[in-house]
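S.K.: Give me a 3D structure for the following:
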Amino acid sequence: MRIAHIALWTADLDGLCRFWAETFGAVVGDLYKSARRPGFCSRFLTLKDGPSIEVMQGPWIAREVLEERQGYAHLALSLGSREAVDAMAAQAAASGILISPARMTGDGFYEAVLRDPDGNLIEITV
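M.R.: Have a look, this model is predicted:
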């Protein structure tokens, strides 16, 4: 069994797709517009390895910032090396989206944490 994709709601489909393409090299798929659910549209983001990310938008989605709540807490991406984590963390710091610099965590991960334009936390690990 493996995860096929995860999905994120956003109020800015193009902005979130641009973030994933520029930050992680994601390939942005074609725009899907639902005929059955007016206003719903989505795109799939394909990363080099791992599951895809479906980014979804609908006019009923409210912008809301919750620091901690039930449900998914973050997405973790494995970059393959400490050097890759350090390089992306430096890039994220320069862009003002770095939340936590690279460090060894208590549970044994070398990771940094950044935030996407919607406030979702993304851990980058070895």
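S.K.: and stretch 37-45, how far apart are its ends?
M.R.: Distance across stretch 37-45, first residue to last, is 21 Å (Cα to Cα, to the nearest Å).
S.K.: Actually, stretch 89-103.
M.R.: Using Cα to Cα, first and last residues of stretch 89-103 are 10 Å apart.
S.K.: What residues of the helix of greatest length in the chain count as buried?
M.R.: The longest helix of the chain (DSSP state H) is helix 82-95. Residues of helix 82-95 classed as buried: 85-86, 88-89, 92 (neighbour count, 16 or more other Cβ atoms under 10 Å). C-beta coordinates here come from the backbone N, C-alpha and C atoms, glycine included.
S.K.: what's the closest of the residues you listed to residue 46?
M.R.: Nearest to residue 46, judged by Cβ to Cβ, of the buried residues of helix 82-95 is residue 88 at 18.3 Å.
S.K.: check contacts around that closest one.
M.R.: Counting by Cβ atoms under 8 Å, 6 or more residues apart in numbering, residue 88 touches 23, 79, 112, 114, 124.
S.K.: at 7 Å what do you get?
M.R.: Residue 88 makes contact with 79, 124, according to Cβ atoms under 7 Å, 6 or more residues apart in numbering.
S.K.: Kindly report the same for residue 74.
M.R.: 121-123.
S.K.: Now for those residues, which sits with the most neighbours around it?
M.R.: Within those, neighbour counts (other Cβ atoms under 10 Å) peak at residue 122, which reaches 21 neighbours.
S.K.: got a pLDDT number for it?
M.R.: Note for residue 122: predicted pLDDT of 94.
S.K.: ok, it touching residue 111?
M.R.: No: the pair residue 122 / residue 111 is not scored as a contact, 10.1 Å apart, by Cβ atoms under 7 Å.
S.K.: any low-confidence regions in this structure?
M.R.: 64-66 (pLDDT under 70).
S.K.: now the strands for it?
M.R.: Here the chain has its strands, by DSSP state E, at 5-9, 27-28, 32-33, 41-46, 52-57, 74-78, 98-104, 110-115, 121-125.
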